[in-house]
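**Q** Sequence unavailable; structure follows:
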Ligand SMILES: CC(C)(COP(=O)(O)OP(=O)(O)OC[C@H]1O[C@@H](n2cnc3c(N)ncnc32)[C@H](O)[C@@H]1OP(=O)(O)O)[C@@H](O)C(=O)NCCC(=O)NCCS
């Protein structure tokens, strides 16, 4: 099982590919948002759509344009939901049928040395205290894993709540097995609470120099 596919539950499909220009495979409505964008951006945006349509086909949903909504989250075809992430020219996508899925979030980050600045943007005081005195190498991995987990959580909650959250609005606790985490909104805005997206469990996987995080919101 790949790192990507290990993140999500039954009824979901994933796809991944290196980004390259695929303008000829896009719908006219999809070309609008990237008109004038640099080549690398057109490539990642387009390949994300191509991967998404492959995965949608495997859950039995016919492809169609996937255009960004006002909050830049993709508008998925009727009866589906999904999430897209890009990291250094690598596109990864998850999709699933809605219902039973209500929303899903995926994020991929390249593991790299990070400075104190990113750590203080991403981590709350309590998260920092929990990490304790890790060595530098390990600290970089933890900061990027928490970053990735918060981005995946954000992408999962946004399509149902349309609520912007800062990094310090959300706290992540990584389980001892380092394969799962809980993300919790500290003072949940009404729309987050109503959507029952205040606290969600997610999964983590490492593959070479990348960390992958996935979060699902399912009907109960
Ligand atoms: C949306 C966001 C999380 C994307 O993360 P990123 O690591 O920069 O970029 P990624 O390549 O992983 O993801 C980009 C994709 O996310 C999706 N996306 C963009 N905005 C989104 C949103 N509001 N909700 C869900 N998905 C969104 C899009 O599919 C986008 O790709 P596309 O434009 O090619 O379609 C980030 O740009 C953002 O808006 N952050 C502000 C909120 C935040 O980070 N808060 C702290 C965490 S709680």
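**A** It's in. The structure displayed is predicted, hence computed values, not measured ones.
**Q** contacts and neighbour counts: CA atoms only from here.
**A** Will do.
**Q** Quick check: beta-bridge partners of residue 97?
**A** Going by DSSP bridges, residue 97 is paired in beta bridges with residue 80.
**Q** For the ligand, see how far away residue 169 is.
**A** Using Cα to the nearest ligand atom, to the nearest Å, one gets 7 Å for the distance from residue 169 to the ligand.
**Q** What's the per-residue pLDDT of that residue here?
**A** What the model reports for residue 169 is a pLDDT of 98.
**Q** what does residue 115 give?
**A** Looking at residue 115, the pLDDT reads 86.
**Q** From the contact counts, what lies against the lengthiest helix in the chain?
**A** Counting by DSSP state H, the longest helix found in the chain is helix 136-161. Packed against helix 136-161, as judged by 3 or more Cα pairs under 8 Å, 6 or more residues apart in numbering; DSSP states H and E, are the following elements: strand 101-110, helix 116-122, strand 170-174, strand 180-185, helix 190-194, strand 199-207, strand 210-218.
**Q** Touching the fourth one from outside, list them.
**A** Okay, so that is strand 180-185. The contact list for strand 180-185, computed with Cα atoms under 8 Å, 6 or more residues apart in numbering, reads 149-150, 153, 169-175, 198-204.
**Q** go again using 6 Å as the cut-off
**A** Strand 180-185 is contacted by residues 169-175, 198-204 when judged by Cα atoms under 6 Å, 6 or more residues apart in numbering.
**Q** Report the buried members of the residues you listed.
**A** Taking 16 or more other Cα atoms under 10 Å as the criterion, what is buried in the contacts of strand 180-185 is 170-174, 198-204.
**Q** Identify, from those, the entry nearest to the ligand.
**A** Using Cα to the nearest ligand atom, residue 170 comes nearest to the ligand of the buried ones among the contacts of strand 180-185, at 5.7 Å.
**Q** Bridge partners for the closest one, pull those for me.
**A** Per DSSP bridges, residues listed as beta-bridge partners of residue 170: residue 185.
**Q** Just give the number of residues close to residue 113.
**A** When neighbours are defined as other Cα atoms under 10 Å, residue 113 has 13 of them.
**Q** same question, residue 138
**A** 12.
**Q** same deal with the one 10 residues further on?
**A** Look at residue 148: counted by other Cα under 10 Å, it has 23 neighbours.
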